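**Student:** Based on what follows, work out the 3D shape:
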Amino acid sequence: MDRVGGGEKQLEDCTVGNALGTCFFFSAVSALAVIPVVIKKKSLAPAAFVVTTGTMLDTIAGIRLCELQHAERQMKLLEAQKLSEDASAGSESS
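**Tutor:** Numbering: from 1, shown residues only. All right, here's what the predicted structure looks like:
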């Protein structure tokens, strides 16, 4: 797939796999926080729930970040397009 804009990510590239590559903050924090509970209860069920929730939060944060970057690029493109239209309209009226 050819990329427009010199290799920047497109909105279609905001898949779960790409979003997971952004940050593992919630996964790491949840894994560390649940260790005492797992030891106390002698069960991995709390760990499965908490770490899965942390991974889901990481995925959502990554996708949101990708969407925000895409929106910023779109705004810059619209501003550049508007400036070029204004410049061409100014040169035509002269």
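**Student:** need the longest helix for the chain.
**Tutor:** Determined from DSSP state H, the single longest helix within the chain is helix 45-93.
**Student:** Quick check: which helices or strands does that helix pack against?
**Tutor:** helix 16-20, helix 25-41 (3 or more Cβ pairs under 8 Å, 6 or more residues apart in numbering; DSSP states H and E). The C-beta positions use only the backbone N, C-alpha and C, and glycine is treated the same way.
**Student:** Comparing those helices, which yields the minimum mean pLDDT?
**Tutor:** Note on the helices and strands packed on helix 45-93: lowest mean pLDDT is at helix 16-20, with a mean of 56.
**Student:** Show me where this structure dips below the pLDDT cut-off.
**Tutor:** Residue ranges of the chain with pLDDT under 70: 1-23, 92-94.
**Student:** do that again at 50, thanks
**Tutor:** 1-3 (pLDDT under 50).
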